[in-house]
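Asker: Build me a structure from this.
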Amino acid sequence: MAVQKLREGKRVVGTMVRMIQNPAVAVVAHNAGMDFIMLDLEHGPYSMETVGDVFKVGRALGIGCFVRVPELAKGYVSRALDCGATGVMVPMLESVEQAELLVRWAKFAPLGGRGFGGAGGHSNFIGVTPDATPAFMAKANVDTVAIAQIETAQAIQNIDAIAAVPGIDALLIGPNDLAISMGCAGDLLGETLDKAIGKVAAAAKKHGKIFGMHAPDPLTERWVPKGLALLMSNLDTNILTAGFKAICLKYKT
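Answerer: Okay, the predicted model is just below:
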């Protein structure tokens, strides 16, 4: 599983899924060798029903089932986990208070305050007996990751404090919005963004958090040797477009 590899300090590779709703996308990603997929509820059209359908297939295969929720809200964070997500990412997280809320809704007690549901996607639809509940909660806290997406100038200012919050597992750079927020829109390889990302990488290392990024290849390749562990590349729409274009270039020219 992707989360276990991350806990062991290994790199995992996956992609963002924003358009495909068929649960077979988890099978295709698994067959390709990907460690995880991330369903995009921030910019995509998915319902929680789709999350549950895709992730019950993904969990059966052992591929990481991550989701980016639209906003920091209990109804998204806790419910996505109950639907089978093994990782939840909140966009534009930029304060200690927001980080603490993410932990509260993503982690069971004593680390957080996630509500306990019995049989569901998170338990592979097997009920948890009362005597097994404490062990189940403790294991779930380890087997799922709470991901703070760092993509604002305010988040960079608060990054050390955010990284220090117990229960936050990963800091993942969203370079496009971060560059916009810092006044250098589109300049993903420039000095301003480079310094900001460096602060995130340093904070992750200092506090034992996972350093992640969803970025174009040139930026990703720059940070792989510098501790990038949660590597998300491209998204389904771009991958399909590239494949279709390749066919057209081959046979229509």
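Asker: give me every residue that touches the nearest residue in space to Asp40 that is not next to it in sequence.
Answerer: If the residues on either side of it in the chain are set aside, Asp40 comes closest to Arg18, at 4.3 Å by CB to CB, 6 or more residues apart in numbering. All C-beta spots, glycine's among them, are computed from the backbone N, C-alpha and C. Contact analysis of Arg18 by CB atoms under 8 Å, 6 or more residues apart in numbering lists Asp40, His43, Gly44, Leu235, Asp236, Thr237.
Asker: and those, which two are the farthest apart?
Answerer: His43 and Asp236 (11.9 Å; CB to CB).
Asker: which SSE is the residue nearest the centre of the chain in?
Answerer: Taking CA atoms, centre = their mean, the centroid of the chain lies closest to Met89, which sits 4.5 Å from it. Using DSSP states H and E, Met89 maps to strand 87-90.
Asker: just Val77 next, same as before
Answerer: Here Val77, judged by DSSP H and E, is contained in helix 74-82.
Asker: Tell me the helices and strands packed up against that helix.
Answerer: Where contact means 3 or more CB pairs under 8 Å, 6 or more residues apart in numbering; DSSP states H and E, helix 74-82 is packed against helix 48-61, strand 87-90, helix 96-106.
Asker: quick one: the residue nearest to Asp40 from Val77, how far?
Answerer: Using CB to CB, to the nearest Å, we find Arg18 at a distance of 19 Å from Val77.
Asker: Next, the contact list for Gly9, please.
Answerer: By CB under 8 Å, 6+ apart, Gly9 lies in contact with Ala229.
Asker: Look up the pLDDT of the nearest residue to Val54 once chain neighbours are set aside for me, please.
Answerer: With sequence-adjacent residues excluded and distances taken as CB to CB, 6+ apart, Val54 is closest to Pro23, at 4.8 Å. Pro23 carries a pLDDT value of 98.
Asker: Go ahead and confirm Pro23 touches Ala60.
Answerer: No. Using CB atoms under 8 Å, Pro23 is not in contact with Ala60, being 10.0 Å away.
Asker: Next, show the common contact partners of the two.
Answerer: Counting by CB under 8 Å, 6+ apart, nothing touches both Pro23 and Ala60.
Asker: Spell out for me the ChimeraX command that would select the buried members of the contacts of Arg18.
Answerer: Buried members of the contacts of Arg18 can be picked out in ChimeraX with the line below, counting by 16 or more other CB atoms under 10 Å:
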select :40,44,235,236
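Asker: okay if I get the contacts of Arg18 as a markdown table plus secondary structure, distance to Met34 and pLDDT?
Answerer: A markdown table is the format used below for those (DSSP: H, G, I helix; E, B strand; the rest coil; distance: CB to CB, whole Å; pLDDT from 0 to 100):
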| residue | secondary structure | distance to Met34 | pLDDT |
| --- | --- | --- | --- |
| Asp40 | strand | 15 | 98 |
| His43 | coil | 20 | 97 |
| Gly44 | coil | 18 | 96 |
| Leu235 | strand | 13 | 97 |
| Asp236 | helix | 12 | 97 |
| Thr237 | helix | 16 | 97 |
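Asker: Nearest to Glu71 among the contacts of Arg18?
Answerer: Minimum distance to Glu71 across these is 12.1 Å, recorded for His43 (CB to CB).
Asker: Next, the contact list for the closest one, please.
Answerer: Going by CB under 8 Å, 6+ apart, His43 touches Arg18.
Asker: Quick check: the gap between it and Gly14.
Answerer: Distance, His43 to Gly14, using CB to CB: 17 Å.
Asker: ok, now Thr50?
Answerer: Counting by CB to CB, the gap from Thr50 to Gly14 is 18 Å.
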